[in-house]
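A.B. asks: What follows is a predicted structure for the sequence shown.
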Amino acid sequence: MDMGRFLIETHLRTGRSIKELARTHGVSASWLFKLLRRYRLEGEAGLEPRSRRPKCSPSRIADLYEDEVVALRKELVDAGYDAGAETIRYHLAQRMTQPPSVSTIWRILKARGFVTPQPHKRPQSSYVRFCADVPNEWWQADVTHVELENGAVFEVLNVIDDHSRLCVASRAMLHVKASDVIRVLHQAAEKWGYPAAFLTDNGLIFSGHARYGLANAFEQELFALGIGIKHSRPYHPQTCGKVERFHQTLKKHLAAQKGIETKKQLQRCLERFGTYYNDVRPHREIARRTPASVYAAREKAVPSGAVVPTDGRRLRLDKVDKKGTVTIRYGGRMHHIGIGAAYRGWRIAMLIDDREIEIVSLDGSPLRRLVLDPTKDYQRQP
């Protein structure tokens, strides 16, 4: 029962004084006198609880700022860009010296019906993340499909820098082949330099693992340039999560664009978005800075592997087993090549020219050179 109503009714029913009732029940006498005055003026309605909202709020944001926040929100959404409270504040900070706080912007968006409060998600601290320490230490690459308004479907190859999230390349093609990835790599390197390593999934354009471990053209090119290569675990796209997230951001922008019907128009749109993404858009995971500013802030990594020319030989990337051997199939028969127990677990490269085989570590150190004897299952060390 409401305490104020109870005490006023007690006063009217028993005649006990307001001050006595206030003292006995530990409440303010002035509050009870106020309720009694309301009761005499308004009757029972005067005893109903009333809002404590102040009649004026001197620190309330001006309507001008509200309109600017809403206008900027609509502008970003119409262009297919991120339009959250933090992003809006970043853009407002470029226009005014004292922009509203993120919480104030969020309240404006909530009051205008642009956002709906959501239950708290899993805290970011619970995720195990990795990030390259310097630019060009890792590049992530992946392919996604984009469908245009006229039903045409193109493949888009995206390459980003793991440290800065910089969009290194974004190319539209009808079908992406390993040779296309190589071409995009060299074009991107003309502007940004070669990375120390590459991280991709196990797609056939990136990996030859499905072909008995024989490296495809892309892996051979990286090996010849001294660039490391790593593939994610099958069915685990989280390993390449940064480029996967970039796909979503890109597609959100493309969905808001109209009149894109050809590959040339799509490529121009990709280039415009890449410029905005790198130089204008603040990125949450890099403290709301732009990828270009983060990329430029540190020295760049360079390829650290040995430059070993393949000279037309087939390349196979493998790992030395517990017995100190690697295997190769020749003439439909499996052969074991001894390298030495000291190299157990090492990642190695096999350069194959028919039966002539050269085995080197990924840093270019020679491990063994031999001519395969097809009559023997085990090729012993000399």
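C.D. replies: In hand now; what should we look at? Numbering: from 1, shown residues only.
A.B. asks: CA only for contacts and neighbour counts going forward, please
C.D. replies: Noted.
A.B. asks: confidence score at the residue nearest to the spatial centre of the chain?
C.D. replies: Geometric centre of the chain, nearest residue: K242, 3.6 Å, by CA atoms, centre = their mean. Predicted confidence (pLDDT) at K242: the value is 94.
A.B. asks: how close does it sit to W138?
C.D. replies: 11 Å (CA to CA, to the nearest Å).
A.B. asks: where do the contact lists of the two overlap?
C.D. replies: D162 (CA atoms under 8 Å, 6 or more residues apart in numbering).
A.B. asks: pLDDT weak spots in the stretch 201-350 of the chain?
C.D. replies: 209-214, 306 (pLDDT under 70).
A.B. asks: where exactly do the helices run in it?
C.D. replies: Counting by DSSP state H, counting those that start in this stretch, the segments of the stretch 201-350 of the chain that form helices are 217-225, 241-255, 263-279, 291-296.
A.B. asks: what sits against T325?
C.D. replies: Neighbours of T325 in contact, by CA under 8 Å, 6+ apart: 336-341, 344.
A.B. asks: Which of those fall within strands?
C.D. replies: With DSSP state E as the criterion, strands contain 336-338 from among those.
A.B. asks: would you list the residues you listed in JSON lines and tack on distance to G312 and neighbour count?
C.D. replies: Formatted as JSON lines, those follow (distance: CA to CA, whole Å; neighbours: other CA atoms under 10 Å):
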{"residue": "H336", "distance to G312": "24", "neighbour count": "17"}
{"residue": "I337", "distance to G312": "22", "neighbour count": "21"}
{"residue": "G338", "distance to G312": "25", "neighbour count": "19"}
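A.B. asks: show me where the stretch 251-382 of the chain has strands.
C.D. replies: 314-319, 325-330, 333-338, 347-353, 356-361, 366-371, 378-379 (DSSP state E, counting those that start in this stretch).
A.B. asks: Next, format the ones you listed as JSON lines and append distance to S232.
C.D. replies: JSON lines is the format used below for these (distance: least, CA to CA, whole Å):
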{"stretch": "strand 314-319", "distance to S232": "15"}
{"stretch": "strand 325-330", "distance to S232": "22"}
{"stretch": "strand 333-338", "distance to S232": "27"}
{"stretch": "strand 347-353", "distance to S232": "16"}
{"stretch": "strand 356-361", "distance to S232": "21"}
{"stretch": "strand 366-371", "distance to S232": "27"}
{"stretch": "strand 378-379", "distance to S232": "32"}
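A.B. asks: for those strands, which one sits closest to R233?
C.D. replies: Among the strands of the stretch 251-382 of the chain, the nearest to R233 by CA to CA is strand 314-319 (15.8 Å).
A.B. asks: one step back: do you know which of the helices of the stretch 201-350 of the chain lies nearest G26?
C.D. replies: Closest among the helices of the stretch 201-350 of the chain, using CA to CA: helix 241-255, at 59.3 Å.
A.B. asks: Could I get the buried residue list for the closest one?
C.D. replies: 242-244, 246-247, 249-254 (16 or more other CA atoms under 10 Å).
A.B. asks: Could you do stretch 85-98 as well?
C.D. replies: In stretch 85-98, the ones that count as buried by 16+ other CA under 10 Å are 85-92.
A.B. asks: One more: stretch 283-299?
C.D. replies: Quick answer for stretch 283-299 (16+ other CA under 10 Å): 283, 289-292, 294-295.
A.B. asks: any idea which of the residues you listed is the one closest to L185?
C.D. replies: Of the buried residues of stretch 283-299, the one sitting nearest to L185 (CA to CA) turns out to be Y295, at 17.7 Å.
A.B. asks: quick one: the closest one and P135 touch, right?
C.D. replies: Yes: here Y295 reaches P135: they are 5.8 Å apart, a contact under CA atoms under 8 Å.
A.B. asks: Name the residues contacting each of these two.
C.D. replies: Joint contacts of Y295 and P135 (CA under 8 Å, 6+ apart) are 163-164.
A.B. asks: now I18: how far from H25?
C.D. replies: 11 Å.
A.B. asks: neighbour count winner among these two?
C.D. replies: I18 (21 against 10; other CA atoms under 10 Å).
A.B. asks: Is it possible to get CSV of the contacts of T325 that adds distance to R380?
C.D. replies: Conversion of the contacts of T325 to CSV gives the following (distance: CA to CA, whole Å):
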residue, distance to R380
H336, 8
I337, 7
G338, 5
I339, 8
G340, 10
A341, 13
R344, 16
